[in-house]
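Q: Fold the following for me, if possible:
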Amino acid sequence: MKLGAFSVSLSVKDINASKAFYENLGFAVFAGGLDKNYLILKNENALIGLFQGMFPNNILTFNPGWDENANNIESFDDVREIQQQLKIKGIALASEADETTSGPAGFMFSDPDGNVILIDQHR
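A: Now for the predicted structure:
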């Protein structure tokens, strides 16, 4: 299964304080905007998303079709194919992508410890 770019999406209380903290660790703003209440920060191949008021807990995020620079990759598994494979393996999904569509879509599920995983395809 090709899951694409990986990032940790952090639910933060004060996006400005979190931005300053991660900039001190060498991260730089890569995408998003303070006006949108989210920032994506990058340090080499590491990606961290800062999200204020958008969801209650941290999320592990995978982006099929993208590399760590948000560049399209030629060969990737569509989000609906990944979803079907997980269903066959008996993994319970919290939300599902509409399998009759194409293009951008996403779904969510949790690991055995309750960590939320988002498969979020943007193309």
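Q: quick one: what helix or strand has I119 in it?
A: I119 belongs to strand 116-121 when assigned by DSSP states H and E.
Q: Would you confirm that N58 contacts L10?
A: Yes. Contact status for N58 versus L10: in contact at 5.3 Å, counting by Cβ atoms under 8 Å. C-beta coordinates here come from the backbone N, C-alpha and C atoms, glycine included.
Q: Find the centremost residue of this structure, please.
A: In the chain, the centroid-proximal residue (Cα atoms, centre = their mean) is T61; its distance is 2.7 Å.
Q: Relative to A20, how far out is that one?
A: 22 Å (Cβ to Cβ, to the nearest Å).
Q: for S11, what are its contacts?
A: Residues in contact with S11 (Cβ atoms under 8 Å, 6 or more residues apart in numbering) are 51-52, 54-59.
Q: Give me the residues contacting the helix or strand where the residue nearest to the centre of the chain lies.
A: For T61, the host element (DSSP H and E) is strand 59-63. Strand 59-63 has contacts (Cβ under 8 Å, 6+ apart) with 3-9, 11, 49, 70, 108, 115-122.
Q: thinking again about what came up before, which strand residues bridge the residue nearest to the centre of the chain?
A: S7, L118 (DSSP bridges).
Q: Tell me, what's the model's pLDDT at it?
A: Looking at T61, its pLDDT stands at 95.
Q: Equivalent analysis for E68, please.
A: On the pLDDT scale, E68 gets 89.
Q: go on, the one 4 residues further on?
A: Per-residue pLDDT puts N72 at 94.
Q: Do a quick rundown of the helices in the chain.
A: 15-24, 79-88 (DSSP state H).
Q: Could I get these in JSON lines, plus columns for distance to I40?
A: Formatted as JSON lines, those follow (distance: least, Cβ to Cβ, whole Å):
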{"stretch": "helix 15-24", "distance to I40": "11"}
{"stretch": "helix 79-88", "distance to I40": "19"}
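Q: ranking those helices by burial, who's on top?
A: Highest mean neighbour count of the helices of the chain: helix 79-88, a mean of 17 (counted as mean count of other Cβ atoms under 10 Å).
Q: Spit out the contact partners of K36.
A: Counted by Cβ under 8 Å, 6+ apart, K36 has zero contacts.
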